[in-house]
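[1] output the structure for:
(one chain, ligands or ions: 1)
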Amino acid sequence: MSVNLLLHSPQYRPNLSSMIRSAEFYGLTKVYIIDANNLLRPPSESKKARAEMEKMARVWTAGAIEFVEIIKIEDLKLFLAEYEGRKIATLVDESARNLNEFQFQEGDLLIMGSEKEGLPEEVLPLLDQAVYIPALGHTPCLNVAVTCGIVLHQALKSIAEK
Ligand SMILES: C[S@@+](CC[C@H](N)C(=O)[O-])C[C@H]1O[C@@H](n2cnc3c(N)ncnc32)[C@H](O)[C@@H]1O
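    Numbers count the residues shown, from 1 in each chain. Just a heads-up that it's a prediction; the model follows:
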């Protein structure tokens, strides 16, 4: 068992691909997604469009897509209510828990927000914890796919060292 990943409404395919790639690299076999921006849907329903989309997905994820099941979540509230592990938000919020000091557990669900909006306010009360990667410089936040790689790495390290 490992951790799980939920991508909340990613807006750009390169970021989505990069997160799928990182998830697979760290051994996750499934990724949950709220696909509010229809990134998983080809531009048209034609066979050619679907084939191109599949090819692009393989290229952009460096082949990781072959090994990861992408599970679309339609009802987030229900999904979170039924999820058995802890639900951990990643937030651009200095009052959230410092990622480096946070003890992760097997089965934790790591949740990434969207590029522009982050996680919607109404979702936060449904979650158990929130973690923040402290900035050392002046840039206000990280790219979501970069965050995803860092959080996955730290989560698995923290579980392994427990
Ligand atoms: C570009 S940020 C969102 C910016 C948005 N304006 C906000 O304040 O939430 C996109 C996502 O990356 C993650 N993220 C970026 N920087 C982070 C940080 N320093 N700590 C934790 N998560 C971060 C979060 O999941 C966030 O929802």
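[2] only C-alpha atoms from now on, for both contacts and neighbour counts.
    Noted.
[3] where does the chain come near the ligand, residue by residue?
    Proximity of the chain to the ligand, by Cα under 6 Å from any ligand atom, involves residues 90-92, 112-119, 131-134, 141-144, 147.
[4] what do you get if the cut-off is 5 Å, keeping everything else the same?
    With the criterion set to Cα under 5 Å from any ligand atom, the chain comes near the ligand through 90-92, 112-113, 115, 117-118, 132-133, 141-142, 144.
[5] so how do I select the buried members of these in PyMOL?
    Under the burial definition 16 or more other Cα atoms under 10 Å, those of these that qualify are selected in PyMOL by:
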select buried, resi 90+91+92+112+113+115+118+132+133+144
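[6] among the residues of the chain next to the ligand, which lie within helices?
    Val144 (DSSP state H).
[7] what is the most widely separated pair among the residues of the chain next to the ligand?
    When the residues of the chain next to the ligand are compared pair by pair using Cα to Cα, the farthest-apart members prove to be Glu117 and Ile133, with a separation of 17.3 Å.
[8] how about the secondary structure of Leu5?
    Taking DSSP: H, G, I helix; E, B strand; the rest coil as the rule, one finds Leu5 in the strand state.
[9] quick one: contacts for the residue nearest to it when sequence neighbours are not counted?
    On the basis of Cα to Cα, 6 or more residues apart in numbering, the spatially nearest residue to Leu5 that is not a chain neighbour turns out to be Leu110, at 4.8 Å. If a contact means Cα atoms under 8 Å, 6 or more residues apart in numbering, then Leu110 has Val3, Asn4, Leu5, Leu6, Lys87, Ile88, Ala89, Thr90 as its contacts.
[10] give me the residues contacting the least confident helix or strand in the chain by mean pLDDT.
    The element with the least model confidence among the helices and strands of the chain, by mean pLDDT, DSSP states H and E, is helix 47-60, at a mean of 91. Outside of helix 47-60, the residues that reach it under the criterion Cα under 8 Å, 6+ apart are Pro14, Ser17, Ser18, Pro42, Pro43, Ser44, Gly63, Ala64, Ile65, Glu66.
[11] narrow those residues to just the buried residues.
    The neighbour-count criterion (16+ other Cα under 10 Å) marks Ser17, Ser18, Pro42, Gly63, Ala64, Ile65 among the contacts of helix 47-60 as buried.
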